[in-house]
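Asks: For reference, the sequence and a predicted model appear below.
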Amino acid sequence: MKHRRLALAAVAALLLTGCSGSGAGSSEKGLDDPAKKDIAMRLVSSAENSSLDWKAQYGYVEDIGDGRGYTAGIIGFCSGTGDLLKVVERYTADRPGNALAGFLPALRAVNGSDSHAGLGDAFTGAWAEAAADPVFRSAQDDERDRAYFDPAVGRAEADGLGALGQFIYYDAYVMHGYADAAGTVGFRTIRDQAVAEAEPPSEGGDEETYLDAFLDARVAALRKEPSHSDTSRVETAQRVFVREGKLQLETPLVWKVYGESFRIG
C-alpha cells in the first residue's frame, strides 16, 4: 500500500541505526512503551473524565447526552456503539456468571441507539461494582488495546509518526471510531483528508506539517457533531504539543481541555 512505504531516507536511517524506533529513523520510544502509554491514558482521561487518574475510571458510567447511550470505563466505551458490549462479553468469557452477564441481551438490543431499555440503575450499579474485579479491569484494558490503541499505534508507526503522532491517532480512534457512522466522521476519513493535504513522514513529509493537517481535519470532523463541537481537546492540547515540537511527548506537558488546566511532569 502506498502509505505504508517508508521513504528511502528513512529506510537508510533505520539501516544505519539498526533500530526500528518510533517515527522515521528515530530511536525514541513509541506509545507502546509503558511510560508513554501511561501519559497517553492520562491525556485521554483529562478529556474524558476531567482527571489525570485514569486508573480510577474503570467504574465510571453515565449518559453524557451525546446520543451514544451510556459512556463508561477507562476510555468511554458506549452502549450505543457496541464497544461497551464487547467489554461485557469479554468479561463474561473470563468470568462466567458475573453481575453484568445478565445485561448482555439488553446491551445487544440497545446497540446502535441511545436507549437505556433493560439497563438503568441496576446496570450502572453493577458496572461500578465490577470495577473492583481485576478480571473486569483486564477486560477493559484488552478491549481498549484491541479496538483502539493497537490499530492506532500501528497505523501511526506505518505513517512514520513518533509518540505524539501515535497519541493523536489514538485519541481520534477513541473519540471518532475507525469508520464513519451516521452523523459522524471516523478516523479513516480524517486521515484520508490529512494525507490529501500533507505527506506523512513515511512519504518524506514534515511531521509537524502533517500533524497540523490531521488536526485540521479532526477539527472539521468535530464541528459536524453537535455533541462534540468543543475543539479544545485539539486546539488547546494536541495542537499545543505539536507547536512546541514535543513529537515524542516529552514532559513537562501543559495543556487545557474543556476549560480545565492540566500538567504532567
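Replies: Perfect, thanks for sending it.

Asks: List the buried residues in stretch 203-215.
Replies: By neighbour count on 16 or more other Cβ atoms under 10 Å, the buried set for stretch 203-215 is 203, 205, 207, 208, 210, 211, 212, 213, 214, 215. Heads up, the C-betas are built off the backbone N, CA and C, glycines and all.

Asks: Could I get the pLDDT score of the fourth one?
Replies: I take that to be residue 208. On the pLDDT scale, residue 208 is placed at 98.

Asks: can you pull the contacts of it?
Replies: Counting by Cβ atoms under 8 Å, 6 or more residues apart in numbering, residue 208 makes contact with 242, 243, 245, 247.

Asks: now do the last one
Replies: Residues in contact with residue 215, defined by Cβ under 8 Å, 6+ apart, are 168, 234, 238, 239, 242.

Asks: which of the residues in the helix or strand hosting the last one are buried?
Replies: Just to be clear, that refers to residue 242. In the assignment (DSSP states H and E), residue 242 maps to helix 239-243. Neighbour counts over helix 239-243 (16+ other Cβ under 10 Å) mark 239, 241, 242 as buried.

Asks: was I right about the second one contacting residue 250?
Replies: Spelled out, it's residue 241. No: at 9.0 Å, residue 241 does not count as touching residue 250 under the criterion of Cβ atoms under 8 Å.

Asks: What number of residues are in the vicinity of the residue nearest to residue 45 when sequence neighbours are not counted?
Replies: Once flanking residues are discounted, residue 45 sits nearest to residue 54: 3.7 Å by Cβ to Cβ, 6 or more residues apart in numbering. Here the number of neighbours of residue 54 (other Cβ atoms under 10 Å) works out to 20.

Asks: Repeat that for residue 115.
Replies: Per other Cβ under 10 Å, the neighbour tally for residue 115 reads 15.

Asks: now do residue 79
Replies: 28.

Asks: One more: residue 183?
Replies: Counted with other Cβ under 10 Å, residues neighbouring residue 183 total 10.

Asks: how near is it to residue 246?
Replies: Taking Cβ to Cβ, to the nearest Å as the measure, residue 183 falls 33 Å from residue 246.

Asks: Next: residue 159.
Replies: Taken as Cβ to Cβ, the span from residue 159 to residue 246 is 18 Å.

Asks: do residue 184 as well
Replies: With distances taken as Cβ to Cβ, residue 184 is found 29 Å from residue 246.

Asks: Counting neighbours, go ahead and name the busier of the two.
Replies: Applying other Cβ under 10 Å to residue 184 and residue 246 shows that residue 184 carries more neighbours, namely 20 against 16.

Asks: bridging residues for that one?
Replies: Beta-bridge partners recorded for residue 184 (DSSP bridges): residue 181.

Asks: so who does it touch?
Replies: Going by Cβ under 8 Å, 6+ apart, residue 184 touches 176, 177, 221, 224, 225.

Asks: Residue 223 now?
Replies: When contacts are taken as Cβ under 8 Å, 6+ apart, residue 223 is in contact with 229, 231.

Asks: just checking, residue 65 is part of a strand?
Replies: No: with DSSP: H, G, I helix; E, B strand; the rest coil as the criterion, residue 65 is coil rather than part of a strand.

Asks: ok, so what distance separates it from residue 226?
Replies: 10 Å.

Asks: which regions of this protein sit below the pLDDT cut-off?
Replies: Filtered on pLDDT under 70, the chain yields the residue ranges 1-27, 227-228.

Asks: domain ranges for it?
Replies: The chain breaks down by automatic domain parsing into domains covering 2-54+147-264, 59-130.
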